[in-house]
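>>> Sequence first, then the predicted structure:
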Amino acid sequence: MVTMITVLRLGHRLGRDARISTHVGLVARAFGAQKIIYSGDKDEKMMNSIKNVTKEWGGPFSVVYQKNWKNVIKNFSGVKVHLTMYGIPIQEIKSEIRRKRNILVIVGGEKVPSEVYHVVDYNVAITNQPHSEVAALAVFLHKYFSGKELEKKFKGAKLKIIPQEKGKKVEEVRK
Ligand SMILES: C[S@@+](CC[C@H](N)C(=O)[O-])C[C@H]1O[C@@H](n2cnc3c(N)ncnc32)[C@H](O)[C@@H]1O
């Protein structure tokens, strides 16, 4: 069965969250998710920056906006995982979650409504210390894929990096 990871980023605020929400999207794409849904304020510019990265560096990865996060969670047919410092440590629950193939990974922003904790299947902590949605998402995906996401091949890329010990080498991909 195909693995499908969708990330839901709650509570985006125009201006204030542009950089961190962009980073949530970049991490989602680079670490193996196929889709990100932004809720909160609609921010075409921020979403376009992720779409442009996908055009250049490959996918598949889709970026969508949904105003109503409650409907996103309610209508999602797979397993809903909320990343929160108050949850069950990832190391205690990862083998159970790894068996699931269609996952909605929810990350918060400034304030997460308390309802979220009750409508999900799992509240998962990446340490029980406060840090960041970007770091929490990266570590969750790394644990979920057991590191295999580091070797992911991206389709339809225009650009490709040729790894160097020193310096930078980028090649255009011939179609
Ligand atoms: C900067 S935190 C703010 C959380 C906010 N104080 C609240 O109401 O929960 C933003 C997001 O980062 C993620 N996060 C931060 N620390 C985490 C941790 N230790 N484990 C899992 N996720 C974490 C959560 O998704 C959280 O909603």
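Arrived safely.

>>> so what's residue 149 up against?
Shown in contact with residue 149 (C-beta atoms under 8 Å, 6 or more residues apart in numbering): 31-32, 141-142. Bear in mind the C-beta positions are built from the backbone N, C-alpha and C, glycine included.

>>> Pretty sure it sits in a helix.
Yes. When classified by DSSP: H, G, I helix; E, B strand; the rest coil, residue 149 is found to be part of a helix.

>>> That one and residue 32: what is the separation?
4 Å (C-beta to C-beta, to the nearest Å).

>>> which neighbours do those two share?
Counting by C-beta under 8 Å, 6+ apart, the residues touching both residue 149 and residue 32 are residue 141.

>>> out of everything not next to it in sequence, what's closest to the residue of the chain found nearest the ligand?
With C-beta to the nearest ligand atom as the measure, residue 108 is the residue of the chain nearest to the ligand, at 2.2 Å. Leaving aside its sequence neighbours, residue 108 sits nearest to residue 10 (C-beta to C-beta, 6 or more residues apart in numbering; 5.0 Å).

>>> about what we covered before: filter the contacts of residue 149 down to just the ones in helices.
141-142 (DSSP state H).

>>> Spatially, which two of the contacts of residue 149 are the most separated?
Across the contacts of residue 149, the longest distance by C-beta to C-beta is 8.9 Å; it joins 32 and 142.
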